[in-house]
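Engineer: Here's a sequence, model it:
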Amino acid sequence: MPRRGMMVDLRRQRKKMIEIDEPAKPVTEKRLSNFESEIGATLPIEYRQFLLKFNGGSPSPDTVEIEGMPESQTDVLEFFGVDAFDESSDLRWNKETFSDRVPAQMLPIACDSGGSFFCLLLAGEDSGKVIYVDLQFVGGPKQHAPFYEVAENFNAFLGKIRE
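Structural biologist: Model (predicted):
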């Protein structure tokens, strides 16, 4: 049964708390390490901690500003988890299913209500940054959607979520 109403204490970052509703079944350290092997990347420590504690879920509040995007704010509908019951909520399923629209060095970690993604950069000098990938963009086949930097790291991303 999903755990409801669990809180993430972000007071050090922004004097408010984010509630995570309907987190997925717990993930173990071993399973998380296996997932990293499957995707060929090491997850940032703060994101690993989030997965170990919640393994996905819906945040409240849920609004985030995205600088440079034509419509400057969107919602965070859901964080994805490892081995989620609903495949559209699963980290690996989203990475594989949208590989033609999301660059390989990005891992989709959450979506908004329009179906666009928040991704973690997993390689390069910007590794760990959270990027918004606008899947509402209409491009040609195999053309990646435009993306916008949201935060320097996962905790900073959580700190930007507000009402």
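Engineer: helix, strand or coil for the residue most central in space within the chain?
Structural biologist: Nearest to the geometric centre of the chain sits residue 109, at 2.5 Å (C-alpha atoms, centre = their mean). Secondary structure, DSSP: H, G, I helix; E, B strand; the rest coil: residue 109 is strand.
Engineer: Can we start the residue count at 380 from this point?
Structural biologist: Got it, first residue is 380 now, which makes that one residue 488.
Engineer: Would you agree it is in contact with residue 426?
Structural biologist: Yes: using C-beta atoms under 8 Å, residue 488 is in contact with residue 426, at 7.0 Å. (Each C-beta comes from the backbone N, C-alpha and C, glycine too.)
Engineer: what touches both of those two?
Structural biologist: Counting by C-beta atoms under 8 Å, 6 or more residues apart in numbering, the contacts common to residue 488 and residue 426 are 499, 533.
Engineer: Return the residues in contact with residue 437.
Structural biologist: Contacts of residue 437 by C-beta under 8 Å, 6+ apart are 399-401, 456-458.
Engineer: count of residues packed around residue 503?
Structural biologist: 9 (other C-beta atoms under 10 Å).
Engineer: ok, it to residue 485 distance?
Structural biologist: 11 Å (C-beta to C-beta, to the nearest Å).
Engineer: Please apply the same query to residue 510.
Structural biologist: For residue 510 relative to residue 485 (C-beta to C-beta), the value is 6 Å.
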